[in-house]
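Q: dropping a prediction and its sequence here:
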Amino acid sequence: MAKQPEYPGAVATAIGFREFVAMAAALMATQAIAVDTMLPALPTIAAALGLRDENHSQWIVTAYLAGVGCGQLFWGLLSDRYGRRSVLLVGLSVYVLAAVLTGLSTSFTTLLAWRFAHGLAAASAVVSRSVIRDLYSGRPMARVMSLTFIVFLMVPVLAPSLGQLMLLLAPWRSIFLMFGVFAAAVLLWAMLRLPETLHPEYRLTLTADHIVRAAGLVLGNRTSLCYTLGVTVMFGSILAYVGMVQQIFEDVFHRPGLMPSIFAVCAASMGVTAFLNSRIVERVGMRIISHLGLLVFIGITGAHMLIAALGLESLASFVMLQAGTMACIGLIASNFGAMAMEPVGSVAGIGASLQGFISTFGGAVVGALIGRRFNGSTLPLASGAFACGMASLAVVLLAEHGRLFRPQHAAAAVLEHGAVQ
C-alpha cells in the first residue's frame with residue numbers, strides 16, 4: 001500500500017482552514033450531542049417507560065455508544081473505497097432517520113434498538129478523522145485535532161442545559177427529534193461545502209487481502225495499538241462519569257438541578273486544556289504533554305478515590321477533583337489519538353475505523369462496568385477513573401519501550417530500528 005501524500009492546502013483552497021476545523025468539529029459533535037443533551041431526561045424516560053431499576057436507564061447511553069463502536073468498523077473502510085465525502089453524507093442521512101424513529105419509540109426495548117441504530121449511523125463521523133489525516137501528519141495533525149476537540153467540547157458544556165430547557169418546554173421525545181434536526185443542518189453544510197480529500201489514485205479496492213493487510217498494519221503496529229488502548233480506557237472513564245453524573249447529583253448531593261451547570265464547568269476545564277494543547281503541541285511535542293497529563297490524571301484520581309473512601313467527599317471537592325480530571329483528559333485524548341493515527345496514514349480510513357471501534361466500543365464497556373457499580377457514593381467513579389489511568393500508563397509504557405517523555409524524533413527512530421530488526 002503506497003503512502004498517501006500530504007496536501008494541506010487542499011481544504012484551505014476549498015473552504016478555508018477555520019471553516020474546515022468548525023465543520024470537522026460539527027461532524028464529531030453529532031456523536032456527542034446525542035449523549036450529553038439527554039442526560040437530564042434519563043429519570044423522566046425511565047419513569048415514562050416503566051423501568052423499575054433506575055440504573056437500567058444507563059443502557060440508553062450504552063446502547064448508543066455500542067452502536068457507535070460497531071459502526072466505526074465499516075464507515076472508515078467504505079471511505080477508503082468510495083471517498084470521504086459520499087460516505088459522510090450517507091451516514092448523516094441515516095442518522096437523521098434513526099434519531100426520529102428513536103424519538104417515536106413506544107417501549108424501552110424498541111428505544112434501545114433504535115438507539116443502537118442511531119449509534120451505527122453516528123459512527124460515520126469517524127471519517128472526519130480520516131479527512132484530517134489525509135491533510136496533516138505529526139504535530140500539525142495534533143494541532144488540528146486539538147482545535148476540533150475545542151469546538152467539539154462546546155457540546156457537553158451547553159448540551160445538558162439545553163436538554164433540561166427542552167424538558168421544561170416539551171416532552172422528552174423532542175430531544176431525540178432535535179438530534180435529527182441538528183444532523184440535518186450538518187448534512188446540508190457538508191453537502192454544500194465539504195470537498196473530497198481522498199485522492200482517486202489512493203482509493204482502495206475492498207478485497208479481503210487489502211482489508212487483512214490494512215488491519216494488520218493498524219493492529220500490528222505497537223504505537224497504533226497501544227495508544228488506541230490508552231484512548232479506550234480514558235474514554236471509558238469519561239463515559240462512566242457521563243452515565244453516573246445524574247445519579248450522583250440526585251442521590252449523593254441531592255441537588256439534581258445543579259447537574260447541567262456543574263457538568264458544563266467540568267467540560268469547560270477540558271476545553272481550556274485542549275486549547276492550551278493546540279497552542280503548544282507543535283513546540284513542546286505530543287508525548288511530553290500527554291505523558292505529563294496522564295501522570296497528573298493518576299495523581300488527581302488517586303486523591304479523589306482516597307477522599308471518597310474516607311467519606312470526606314463534598315460537592316466542592318467533587319467539582320474541583322472532577323474538573324481537574326477532565327482537564328487532564330484535554331491534554332491526553334487528542335494527542336493519544338494523533339499518535340495512534342500517525343503510523344497508519346496509508347490506510348487512514350481503515351485505521352480510523354479500527355481505532356474508533358476499539359476506543360468507542362471498549363470505552364462503552366469500561367464505562368458500563370464502572371457505572372453498574374454505582375452504590376450511592378462517588379467511590380466507584382473515582383476508583384474506576386484511577387484504574388483507567390493506571391491501565392493507560394501500562395500501555396503507554398509498552399508503546400514507548402518503558403520510557404516516558406521520549407521526543408518524537410527519538411520515538412520514531414526506535415520504531416524504525418524495530419522495523420528493520
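A: Great, that's in hand. Model, not experiment: these values are computed from the prediction.

Q: secondary structure element for Arg52?
A: Under the assignment given by DSSP states H and E, Arg52 is not contained in any helix or strand.

Q: scratch that, Arg18
A: Using DSSP H and E, Arg18 maps to helix 17-36.

Q: got the CA coordinates for that helix in CSV?
A: In CSV, the C-alpha atoms belonging to helix 17-36 read as follows (Å, rounded to 0.1, in the frame of the first residue of the first chain):
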residue,chain,number,x,y,z
PHE,A,17,-8.9,26.4,7.5
ARG,A,18,-11.2,27.8,10.1
GLU,A,19,-14.4,26.5,8.4
PHE,A,20,-12.7,23.1,7.9
VAL,A,21,-12.0,22.9,11.7
ALA,A,22,-15.5,24.0,12.5
MET,A,23,-17.1,21.5,10.1
ALA,A,24,-14.9,18.6,11.4
ALA,A,25,-15.9,19.5,14.9
ALA,A,26,-19.6,19.7,14.0
LEU,A,27,-19.3,16.3,12.4
MET,A,28,-17.8,14.9,15.6
ALA,A,29,-20.4,16.8,17.7
THR,A,30,-23.2,14.8,16.1
GLN,A,31,-22.0,11.9,18.2
ALA,A,32,-21.6,13.8,21.5
ILE,A,33,-24.9,15.8,21.3
ALA,A,34,-26.8,12.5,21.2
VAL,A,35,-25.4,11.6,24.7
ASP,A,36,-25.0,14.8,26.7
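
Q: how about it: buried residues?
A: Under the neighbour-count criterion of 16 or more other Cβ atoms under 10 Å, helix 17-36 has 20-36 buried. Every residue, glycine included, has its C-beta placed from N, CA and C.

Q: what about Arg115, how many neighbours?
A: 27 (other Cβ atoms under 10 Å).

Q: any figure for the gap between it and Asp36?
A: Arg115 sits 15 Å away from Asp36, going by Cβ to Cβ, to the nearest Å.

Q: could you pull out the helices for the stretch 1-150 of the chain?
A: Using DSSP state H, counting those that start in this stretch, the helices of the stretch 1-150 of the chain run over residues 9-14, 17-36, 42-48, 58-82, 84-103, 108-122, 127-135, 138-169.

Q: tell me which of these lies nearest to Asn221.
A: With respect to Asn221, and counting by Cβ to Cβ, the nearest of these is helix 127-135 at 14.3 Å.

Q: who's in contact with the nearest residue to Phe253 once chain neighbours are set aside?
A: Once flanking residues are discounted, Phe253 sits nearest to Leu315: 5.1 Å by Cβ to Cβ, 6 or more residues apart in numbering. Residues near Leu315 by Cβ atoms under 8 Å, 6 or more residues apart in numbering: Phe253, Arg255, Leu258.

Q: which among the residues you listed end up buried?
A: Neighbour counting by 16+ other Cβ under 10 Å classes Phe253 among the contacts of Leu315 as buried.

Q: could you export the contacts of Leu315 as JSON lines, including distance to Val245, pLDDT and secondary structure?
A: Listed next are those as JSON lines, based on distance: Cβ to Cβ, whole Å; pLDDT from 0 to 100; DSSP: H, G, I helix; E, B strand; the rest coil:
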{"residue": "Phe253", "distance to Val245": "11", "pLDDT": "92", "secondary structure": "coil"}
{"residue": "Arg255", "distance to Val245": "12", "pLDDT": "89", "secondary structure": "coil"}
{"residue": "Leu258", "distance to Val245": "11", "pLDDT": "86", "secondary structure": "helix"}
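
Q: out of the contacts of Leu315, who's nearest Val155?
A: Using Cβ to Cβ, Leu258 comes nearest to Val155 of the contacts of Leu315, at 19.5 Å.

Q: tell me how far that closest one lies from Ser161.
A: To Ser161, Leu258 is 11 Å away according to Cβ to Cβ.

Q: how about Ala214?
A: According to Cβ to Cβ, Ala214 stands 42 Å off from Ser161.

Q: list the residues that contact the closest residue to Gln31 other than its chain neighbours.
A: What sits nearest to Gln31 in space, not counting adjacent residues and going by Cβ to Cβ, 6+ apart, is Ala122, at 4.8 Å. Residues near Ala122 by Cβ under 8 Å, 6+ apart: Thr30, Gln31, Ala34, Tyr64, Gly67, Val68, Gly71, Gly91, Tyr95.

Q: farthest-separated two in those?
A: Across the contacts of Ala122, the two lying at the largest distance from each other (Cβ to Cβ) are Tyr64 and Gly91, at 14.8 Å.

Q: can you pull the contacts of Leu177?
A: Here Leu177 is in contact with Ala99, Val100, Gly103 (Cβ under 8 Å, 6+ apart).

Q: give the buried residues for the helix or strand where it lies.
A: Here Leu177, judged by DSSP H and E, is contained in helix 173-193. Within helix 173-193, the residues scored as buried using 16+ other Cβ under 10 Å are 173, 175-180, 182-184, 186-187, 189-190.

Q: need the residues you listed in TSV with distance to Ile307, can you?
A: Formatted as TSV, these follow (distance: Cβ to Cβ, whole Å):
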residue	distance to Ile307
Arg173	40
Ile175	34
Phe176	37
Leu177	41
Met178	38
Phe179	37
Gly180	42
Phe182	38
Ala183	40
Ala184	45
Val186	41
Leu187	46
Trp189	45
Ala190	45
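
Q: of those residues, which pair is most distant in space?
A: Pairwise distances across the buried residues of helix 173-193 peak at 26.5 Å for Arg173 and Ala190 (criterion: Cβ to Cβ).
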